[in-house]
Each structure stands twice: as C-alpha cells, then as structure tokens.
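> what follows is a predicted structure for the sequence shown.
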Amino acid sequence: MVKLSVLNWNNRRATAPVAAAIAAYQKIKPAVEVSQVIRPLSDFEHQGIEEVAKTHDIVIFDHPFCGAIAASRCFVALDEELPEVTSASAAGSYIGPSLNTYRFKGKVWGLPIDGATQHALVREDLLASLGAVLPVTHEDVLALGRQARGKGLYLGTAVETPHALMSILSYMANLGEPIEANDEQLLAIPEASFTKAFDAVREVLQLSPPEALGWNSIDLHEQMVARDDVVYSPAVYGYATYGEPDNINRLGFAPFAGTASPYHSGTAIGGTAMGISRHGSHQEAALDFARFMAGDEVQRTLVASNHGQPGGLSGWQDPDMDARYNGFFSAVASTMEAAWIRPRYKGYVEFQRRGGEIVADALRGGKEAAGIRRRLLDLAELDR
C-alpha cells in the first residue's frame, strides 16, 4: 500500500474538495491511500515551506512561497514532470493568471486547484433595504457607506494580518502603480499610489464597525452572515461557500470597486496549488494524484459541488454551480481575470507578514500613510 499525506488548511472550501477527490481517486487507485492533514489558516499564510515539505508528500500553498521553494528546491518542478497541464498553452484552462502565479524562475512549482482574489461582498437584503445599488467605484463605496451609517449600518473590511496590507496592494495595482519587485527583492513602494491606497482602506475602515480592526477575511464573512448591520465590503478574499443555501443569510458577490478605471482590476490574486515534495518516497503517486485533482473533470464537477472554488476555468463556467453559490463565479470572474500577481522572491512572505502587522497596527493607532510607508521601506531595506 502506497500512503500519501496532503497538508491542507482548515476551511471547508479547502478540505471538502480534496476529500471528495481522494474518495474518487481511491476508487480507481485502491492501492494508494491518501490522507489529509489540516492546520489553521494563519499557519497556511505564514508557513515554513521547506519544513512542511519534509513531512508531507503534497502541500497546498499560495504562490508567494515560490521564491523560497525555488531557492531550496524542496518541491518537484512540475513543468518537467507534468508538462501537459503546466505548459504555456495550458494556462488558458485555469481561471485568470492562476497557473502563471506558480511559474517562477523558469519553473512551475504548483498545480492550481483553487481560484481566489479580493473582490466585493454584499448582503443583498440590507442593500435593498437602503434602496441602494452595488458600487462600481471607490467613491460609490464611500457614498454607500455614508448612507448605511445614516441608517445604523456599516461597511465591512478585514484588517488582521495580512489583509489590510493586501487591500492596499490591490488598490495600488488598480491605480497602475503596484509595488515593484524582481525575482530577488522588493525594489520600490511608489509613494503616490501607496498614499492613495492607504487612504482608501482607511476611508472604508472609518465606515466599518470597530470590531473590524480584529477581523481577517473569514471573520468578515462570518460576521456578515451572522449580524444584520454590515452591508458591503469592497475588497476581501472571498469564500464562495458563504453564498450557499445552508447559510443563515446567504452572501452575495460583486467585482472589486477600485479607485481607477477599470475599477474591477488589480486585486492581489490568491488561490492555492498543490506542490509535490522532493523529499517524498512516492513522488510518482503524488504527481498522479495532483494530475487527477487538477484535471478538468474534478475541477468542473467535484470541486464546486463540494464547497470549493475551482482553479480550472471550466469550474467557473457552470451555470448550475454559479446558481448554487448565489452567483459567485459570474460576479467575480472579471476581477479574477484582471488580477495582479504578488512578488514571489525569497523573503516576500516574511515582508508580507511583518508588513501586514505594521499596517494593521497603524490603522488601529490612526497613523498616517507617510510614516507607514517609511516603516515598510525600512523593512524591505530600501532607501527612502
């Protein structure tokens, strides 16, 4: 019996599709036993990738870890082992730039199985109670927020590390001046776009409940489902599963509402992929399961039917799945297609973690953009 271990993160969006794929795979490959090991979202966002690769055959990870992976070679290069699903011509079978996010220094380090980016979130019943329409621009967002506050309602945002920083990076990219990096280091944090982006996040926060200062993206979803006073968020890493019918209040979804045209563009793409450990004893079996999990049939049927968000484009184009998730896929697709890829140099993940703490603390303390930018420049060891 071949035994494989898959390290995953703890949300049904992540675990349920993998569990369904494991069950389907073991029907056709009964000699392979695949098990999931689950850890918290916070561990996923800041994991030590080289260490977990030593203890698991397959690791679910996000693309900013590609720099550390390429430097340590702790994962197998998938363009060498699975060229049919990782070539340039295969990129179009994934949603937006999903595959290209894992292409770093000429190698592909992950096989996308989950597609996500920041976008808008809405309680449609509360929006209707205000007689309002979905915002398209940041100015529309602020107008909605002021209208909501007049009725005792709020906007929503996620501040807890690294989510406020991610929102700032998305607004910067939407403005056409993202942070600049190469394969080795961060190069620049443009002052004008950083200031506008920081102010945009702060403006939304001022129209949000005080508790938002402690929320991450899942907290924001949970609170919008559970309470009846948070109408809308313009930028959050979304979870389609909160649009499913088993929620007390189904959430609705919409494109990102940025500060510059095209307003839906520039969000910092997320999602996840399967990486194959170079230390595993059963690499061929691990590659075969990853190929199966990322295949069109699983992405189009099993992932979305088990609380997931496919990395495969076909899973985003099924009208029945779109209806099940309250229009998530059709609402978010344009923002996914126009998403921005974060830096992936070795060391970026630590910059994101510590930078997220700096930004969150600044928002909690009411500090100004200029001082925060200086701290981020210092963190990246850049000249001011």
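All right, it came through fine. Numbers count the residues shown, from 1 in each chain.

> where does pLDDT dip in the stretch 251-384 of the chain?
384 (pLDDT under 70).

> so which residues of it form strands?
Under the criterion DSSP state E, counting those that start in this stretch, strands of the stretch 251-384 of the chain are mapped to 252-254, 272-276.

> and for the stretch 51-200 of the chain?
Counting by DSSP E, counting those that start in this stretch, the stretch 51-200 of the chain has these strands, from start to end: 58-61, 103-104, 107-108, 111-114, 118-122, 154-155, 180-181, 186-188.

> other SSEs contacting the first one?
Of the remaining helices and strands, those touching strand 58-61 by 3 or more CB pairs under 8 Å, 6 or more residues apart in numbering; DSSP states H and E are strand 2-9, helix 49-53, strand 272-276, helix 283-294. All C-beta atoms are positioned from the backbone trio N, CA, C, and that covers glycine.

> which one of those lies nearest to residue 114?
strand 272-276 (4.3 Å; CB to CB).

> quick check: angle from the closest one to strand 2-9?
Angle, strand 272-276 to strand 2-9, by axes from the mean of the first three to the mean of the last three CA atoms, to 10 degrees: 150 degrees.

> tell me the strands beside strand 272-276, with direction?
Sheet neighbours of strand 272-276, with direction, are listed as strand 58-61 (antiparallel), strand 111-114 (antiparallel) (DSSP bridges).

> identify all contacting residues around that strand.
Contacts of strand 272-276 from elsewhere in the structure, counted by CB atoms under 8 Å, 6 or more residues apart in numbering, are 6, 9, 14, 53, 57-63, 69, 75-76, 78, 81, 98, 102, 109-114, 116, 283, 286-287, 290, 293-294, 311.

> same deal with stretch 341-351?
With contacts defined as CB under 8 Å, 6+ apart, stretch 341-351 is touched by 46, 63-68, 70-71, 97, 100-101, 104, 169, 179, 181-186, 268-269, 352, 379-380.

> deepest of the helices and strands packed on strand 58-61, which one?
Scoring the helices and strands packed on strand 58-61 by mean neighbour count under mean count of other CB atoms under 10 Å gives strand 272-276 as the most buried, with a mean of 27.

> mind saving the C-alpha coords of it as PDB?
Coordinates of each C-alpha in strand 272-276 appear next as PDB, following Å, rounded to 0.1, in the frame of the first residue of the first chain:
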ATOM      1  CA  THR A 272      -3.900  27.700  -3.900                       C
ATOM      2  CA  ALA A 273      -2.000  24.900  -5.700                       C
ATOM      3  CA  MET A 274      -0.600  21.500  -5.000                       C
ATOM      4  CA  GLY A 275       3.100  21.300  -4.600                       C
ATOM      5  CA  ILE A 276       4.900  17.900  -4.700                       C
END
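
> report the inter-axis angle for that strand versus helix 283-294.
Orientation note: strand 272-276 sits at an angle of 160 degrees relative to helix 283-294 (the same axes, to 10 degrees).
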